[in-house]
Every structure is written in C-alpha cells, then in structure tokens.
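Visitor: what's the 3D shape of this:
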Amino acid sequence: MTYEQIFLFSLLGVLFAFLVWGRIRYDLVAFAALIVAVAAGVVPTEEAFAGFGHEAVIIIALVLVVSRALTNAGAVELVAGVVLSSGRSLYAHVGIMSVVGAVLSAVINNVAALVMLMTLDMEAAQKAKRSVSRSLMPLSFATILGGMITLIGTPPNIVVAQFRDRALGESFSMFDFSPVGLVCAIVGIAFVTTIGWRFIPERGQQAALDAGGETSDYVAEAVAKEGSKSIGKPLSELFPLGDEHDVAVVGLVRRGKRLPGFAASEEIRKNDHIVLEGAPKAIEAFLGAADLKPPGADKRANLTSESLTLVEAIVPDNARIVGRTALGLRLLYRRGVTLLGVSRQGRRFRERVRQLAIRPGDVLLLLGPQSRVADAAEWLGVFPLAERSHAVLQRGKAAFAIGVFAVAVALAVIGLLPLAIALAAAVIVYALFNIVGPREVYESVEWPVIVLLGSLIPLGLALEESGGTQLIADAIVAQTGALPIWAILAILMVVTMTLSDFLNNVATAVIAAPVGLSIATSLEVSPDPFLMGVAVAASCAFLTPIGHKNNTIIMGPGGYRFGDYARMGLPLEVLIIAVSVPAILFFWPL
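Guide: The predicted model follows:
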C-alpha cells in the first residue's frame, strides 16, 4: 500500500472510532479529520473545502428548508389530521400512522415528518389512555423507510446520486429510487404494522404524557375576525371542539368587558374575544380549527409579515413587566409581540390577559415573529423556557406551499431545471410569501450534517483517487469470489447496514458508494445495482438509537432502552435485505 492509502485508512479508522464513541460531536470530528488530511498532504489544499460546495450538500440543505416551509404552512398537519383518530385500535393506528409517515418522508425530510407526526401520535395516545411505546418506534421506522422512495427523501439517496453523476456522468433521477424503495417500504410497513410492534415492551406511558413539556394551562384570548366561521354561532357550539383539542372555552369578552359566567348562549360577533384555557399547542390547534385569530395579529403590528412562534417565558422577581400589564407597556406597539396567555399556577382570573398585572412566577405565552420574540423577552426581563417554543401554522397557505413544491419537483423531473435550482427557487417563493422567515431559512438547516458531509466528501474522494476503495473492493471480491453476484451484493449491503447502525448514514454512504462502484468494476457488471444497494442499506439503521436521528428522537418519549430497537430492528433489517436484493436486481439488472 502507498503512503496515502495507509494514512487515509488509519485516519478513517480513528474517525470511525470517534464517531462510534460519540463523546465528541460528529461534525467536529469529521472537520478535524479533514484538516489533518490536508496538513498531511493527502487532500490537496485547493480541494479542502470543495465538499461544502458539492451539489449533494446544497440539495440536502434546501430539502430541509422546504420541509420547514411545508410544516409551517400546515401541509403536514393537513394530511395527518385527515387520518388521525384516537378512537382506532392500536393495530389500525400503527398502520395508518406508518403509511402517512412513509408518504410524507418521501417528499420532505424524514426528521421533520417524524417530529410533526410524533406530536400527533402522543396526543392520540393521551386521549386513548395508552402507551406510545408500541406506536412511536413503528412510526420512526416507517419514516426512515419512506425516505427511500425518492431522491430527496433521505440524504444517502442524494449522496449516492451525486456520486454516480461524478463517476459516470449521469445522476439518478428523482424517482429512480421509487421501485426498490416502494418494495422495501411496503414490506417493511406491513411487518411493523402486523408483527413488529408486538416485539416492543409496553412502556413509556408517563413519558408520553409528559413529553409535550407543557408547564400548565394558560388563560388566553382569541378573536373572531371578519369572515370567521365561528361568527353567528352560540359560544356553546365551540365547547365540543374545545373538548376535542383539550381546550376549555371559559368566557366571552365584548367591547372590552367580560360577559357574566361562561356566556354559553351568547352569539359570537365580529371582534368578540373568546377566553380559552389550555396548553400552548392545544390552544394553537384550537385557533386553527375554530377559525379564530390571536389578538394583535394585524398588519399594524406586522405580526403577519413572517412565521409566528409561541414562546413560553417565566417571570423573575426583577423583570420589567412585574406589577405592570402588557397593555401598559405597549408591548404590541413597541416590540411587535403580543401576550397571548398567562399561566398562574393553574388559577383562573377574570381580568383581560393584556390588562392583567403580572406577578413573579407567572409564565407568559408570547406570540410574535420569531425574529422579535427573543428581543421582546429580553426587554421584558423574562426567561424563555428551553424547548418551549411552538410554531404557529399558516394553514391558509397549505395548498399554495404544496403546489410550489409540486411545481419544483415537476421542473426537475422533466429536466427543465436541475434539482438544486428548482428547490432553491421554491425556497425563494416560500421566503417571499413569508412561509419561512429569513431566520428560519438558516435555522432549518442541520448544520452539523452539512459540516459532516462537506468534510467527508474530500476524504472520500482522496480515498478513491489513492486507490483505497479499489483495495477494499478487491478484498471483498477475493473473499467472495466463489459466490454468485447477488450474494456479493447482499454482503455489501449487510456491511453497509451494520456501519449505518453505528455511524451517521451520510458518512456511511460517502464511504460505501465508491466501494460499491469499485466492486462492480472488478466484477465487470453494471454499477447501478451496487449503488442502489448502498443507498438502501445506508438508510436502514434500525438496530440502535444512534444510527438514525429519528430513532434518537423517540427514545425519551417512548421510554425505550438501547436494546429495544434490536427487538424489531433486527428482523426488519433481515427482511429488507431479503426483499431488496431481488428487487434491485429486477429493476436494475446486471
């Protein structure tokens, strides 16, 4: 072996060891490895940061922003809300949620799909008084499987497609992954729905109920603006809708005065304020269902100029707002943020929310553009609670957001625009129509993944150009030379899948794709089956909670232990290998 090969194999071995160890962030480890390789001369200085401009990196970043836009517009909730019901049996619930998760993951980032559906899944479990441990893991696995259906569904597909483009001069198209991906997704979802969930211990009920992280119920107000479907109805007609969303409708304010009692028989008029009590996410969902608006969401306050966020903040003793009211501080006028609700140790009050004198220990529910809420909280002297911000969905823009995305995909599929340019155009449209704010564009991108991929691409290219990947391929072929080609493909997929269970799937795809190409070259067969096998195997990380971010996300809410994933994950991985190898060879013959 040459110096470059020895150094790169040693460096990658250390890199993988640190990634498996997990004590140091994977993006920092990968970037450090890149700098070491440049300093050692195995990666040319002029190519050190070329990976950050690679088309795969750009596409992954844009897909994340598009996913945020579709979530902000309520497109994900719109789809999920049609099929979600707490009254179904666990068997039916798991099946429907898994199918919805897979479909959404085919067109948006699978992490975004899981986060939205996980919330709905836990709410359904809470209403049905059952554990989420047997439904969250199938949902996570289904979103991972769904990502394999299209080019943009999961990062390994994008990495493999761009590698094929660089190596062979032609990239996989948007739906080249669909035939094999659909076979894997259908078989995998059928397994987790009918058999797999039964392997999971039934635990995590309390974790599920507490996962939302709500402080307590807030007293809040909502306005019946002109055109609202609630206008003309007795207030009592909102009671069932409130029960459905776990929100209590407790009163009505008209012309600045709170009407006596619950005002149940009063007919709702234009600009009436409905007094509500509930948790932040429940209140936000109720506003959308009842066609009501938050107070102050008008053009004068600029609250509709960008995506709105609900933030919970606790009031300390020395806060500016202690002993004062939001109205007296002119919070809306000065900062463009409105006080939507107040939580006071579970106690109700009859004062108007914005006219309530705030006390130390109160928890405020602030509503405003994401770029302003943090500044307003600092000005008020209150402390935003970690992980207590809730996006306010722009449900009226759901159809528009879906249409923009569909047009972008269509332009890419028919070849009028490259995929990266089409997605970039979609992001621009979303920004112009305030579906994603300027800050959200940057916050949507998972920068650690971008740094990881941008750092590994030059290392992968250096390994390939030094002949290192060919050495690996020759070793695999030499050890499996007597086996049929389908068996060699299966072995490559097993190795790739095992790596993906412990490493980031992007890192696995970057290293495994050139190995797959080299094996195909050594065997003198088409490289496409081997590249497709790498894409499938790198995505299927089901054995551990660290192999895929979705598995990590559900660990706490589901009350899972490390070994729980293998209960359902191991037979699922075996099943995926069994069905994907013949499917790959059928749709991508040698």
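Visitor: CA atoms for contacts and neighbours, from now on please.
Guide: Fine.
Visitor: The stretch 251-400 of the chain: helices as residue ranges?
Guide: For the stretch 251-400 of the chain, the helices identified by DSSP state H, counting those that start in this stretch occupy 280-290, 331-335, 370-380, 398-413, in order along the chain.
Visitor: got it, and the stretch 451-590 of the chain?
Guide: Secondary structure of the stretch 451-590 of the chain (DSSP H, counting those that start in this stretch): helices at 468-480, 485-502, 505-523, 528-539, 549-558, 564-587.
Visitor: What residues sit buried inside the first one?
Guide: Pointing back at helix 468-480 there. G468, T469, Q470, L471, I472, A473, D474, I476, V477 (16 or more other Cα atoms under 10 Å).
Visitor: Please state the mean pLDDT value computed over it.
Guide: Confidence over helix 468-480, taken as the mean pLDDT, stands at 86.
Visitor: List of residues touching that helix?
Guide: Residues outside helix 468-480 that contact it (Cα atoms under 8 Å, 6 or more residues apart in numbering) are Q5, F9, L463, E464, I488, P514, V515, G516, S518, I519, S522, L523.
Visitor: tilt between that helix and helix 505-523?
Guide: Per axes from the mean of the first three to the mean of the last three Cα atoms, to 10 degrees, the angle that helix 468-480 makes with helix 505-523 is 60 degrees.
Visitor: now helix 468-480, how far from the chain's geometric center?
Guide: Averaged C-alpha coordinates place helix 468-480 at 37 Å from its chain's average position (Cα atoms, centre = their mean, to the nearest Å).
Visitor: what do you get for the fifth one?
Guide: Using Cα atoms, centre = their mean, we find the averaged C-alpha position of helix 549-558 to lie 12 Å away from the chain's own average C-alpha position.
Visitor: Kindly export that helix (C-alpha atoms) in PDB.
Guide: Once side chains and other backbone atoms are set aside, the C-alpha atoms of helix 549-558 remain, and they are given as PDB (Å, rounded to 0.1, in the frame of the first residue of the first chain):
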ATOM      1  CA  LYS A 549     -31.700  10.800  14.200                       C
ATOM      2  CA  ASN A 550     -35.400   9.600  14.200                       C
ATOM      3  CA  ASN A 551     -34.500   6.700  16.500                       C
ATOM      4  CA  THR A 552     -32.800   9.100  18.900                       C
ATOM      5  CA  ILE A 553     -35.700  11.500  18.900                       C
ATOM      6  CA  ILE A 554     -38.200   8.900  20.000                       C
ATOM      7  CA  MET A 555     -36.000   7.300  22.700                       C
ATOM      8  CA  GLY A 556     -37.200   9.600  25.600                       C
ATOM      9  CA  PRO A 557     -40.900  10.000  24.700                       C
ATOM     10  CA  GLY A 558     -41.200   6.200  24.100                       C
END
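Visitor: Does that helix pack against any helices or strands, and if so which?
Guide: Contact analysis of helix 549-558 by 3 or more Cα pairs under 8 Å, 6 or more residues apart in numbering; DSSP states H and E lists helix 110-128, helix 133-146, helix 205-210 as its packing neighbours.
Visitor: packing partners for the second one?
Guide: Applying 3+ Cα pairs under 8 Å, 6+ apart, one finds that helix 133-146 makes contact with helix 90-107, helix 110-128, helix 178-194, helix 549-558.
Visitor: ok, 10 Å please
Guide: Judged by 3 or more Cα pairs under 10 Å, 6 or more residues apart in numbering; DSSP states H and E, helix 133-146 is in contact with helix 90-107, helix 110-128, helix 178-194, helix 205-210, helix 528-539, helix 549-558, helix 564-587.
Visitor: Tell me which residue lies nearest the centroid of this protein.
Guide: Centre of the chain computed as the mean C-alpha position; nearest residue by Cα atoms, centre = their mean is A112, 1.7 Å away.
Visitor: Verify the contact between L331 and D375 for me.
Guide: No - contact criterion Cα atoms under 10 Å: L331 and D375 do not qualify, at 11.5 Å.
Visitor: joint contacts of the two?
Guide: When contacts are counted by Cα atoms under 10 Å, 6 or more residues apart in numbering, L331 and D375 have V337 as shared neighbours.
Visitor: Mind checking which of those two has more residues around it?
Guide: When neighbours are counted by other Cα atoms under 10 Å, L331 comes out ahead of the other of L331 and D375, with 19 against 13.
Visitor: I519 and L531, how far apart?
Guide: I519 sits 10 Å away from L531, going by Cα to Cα, to the nearest Å.
Visitor: Tell me the residues that contact both of these two, please.
Guide: L489.
Visitor: if we can go back for a sec, nearest residue to the residue nearest to the centre of the chain other than its sequence neighbours?
Guide: For A112, the nearest residue in space outside its immediate sequence neighbours is S67; the separation is 6.5 Å by Cα to Cα, 6 or more residues apart in numbering.
Visitor: now, which of the buried residues of helix 468-480 sits nearest T508?
Guide: Ranking these by separation from T508, with Cα to Cα as the measure, puts T469 on top at 13.3 Å.
Visitor: returning to what we had before: would you mind checking which of the buried residues of helix 468-480 is nearest to N157?
Guide: Using Cα to Cα, the buried residues of helix 468-480 come closest to N157 at T469, 19.6 Å.
Visitor: lowest-confidence helix or strand of the protein?
Guide: Per-element confidence for the chain was summarised using mean pLDDT, DSSP states H and E. The lowest value among helices and strands belongs to helix 205-210, with a mean of 39.
Visitor: what's the following helix or strand after it?
Guide: Using DSSP states H and E, the next helix or strand after helix 205-210 towards the C-terminus is strand 218-223.
Visitor: Could I get the buried residue list for that following strand?
Guide: Judged by neighbour count using 16+ other Cα under 10 Å, the buried positions of strand 218-223 are Y218, V219, A220, E221, A222, V223.
Visitor: Read off the pLDDT value for the fifth one.
Guide: What the model reports as pLDDT for A222 is 90.
Visitor: looking at it, I485 is touching S526, isn't it?
Guide: No - counting by Cα under 10 Å, S526 is not a contact partner of I485; they are 11.2 Å apart.
Visitor: what's around D176, how many residues?
Guide: When neighbours are defined as other Cα under 10 Å, D176 has 18 of them.
Visitor: Pull the contacting residues for it.
Guide: By Cα under 10 Å, 6+ apart, the contact set of D176 is I149, T150, L151, N157, A161, M532, F587, W588.
Visitor: Next, format those as JSON lines and append distance to G558, pLDDT and neighbour count.
Guide: What follows is the contacts of D176, written out as JSON lines (distance: Cα to Cα, whole Å; pLDDT from 0 to 100; neighbours: other Cα atoms under 10 Å):
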{"residue": "I149", "distance to G558": "26", "pLDDT": "94", "neighbour count": "29"}
{"residue": "T150", "distance to G558": "28", "pLDDT": "94", "neighbour count": "24"}
{"residue": "L151", "distance to G558": "30", "pLDDT": "92", "neighbour count": "25"}
{"residue": "N157", "distance to G558": "28", "pLDDT": "94", "neighbour count": "30"}
{"residue": "A161", "distance to G558": "34", "pLDDT": "94", "neighbour count": "25"}
{"residue": "M532", "distance to G558": "32", "pLDDT": "97", "neighbour count": "28"}
{"residue": "F587", "distance to G558": "37", "pLDDT": "96", "neighbour count": "14"}
{"residue": "W588", "distance to G558": "39", "pLDDT": "95", "neighbour count": "17"}
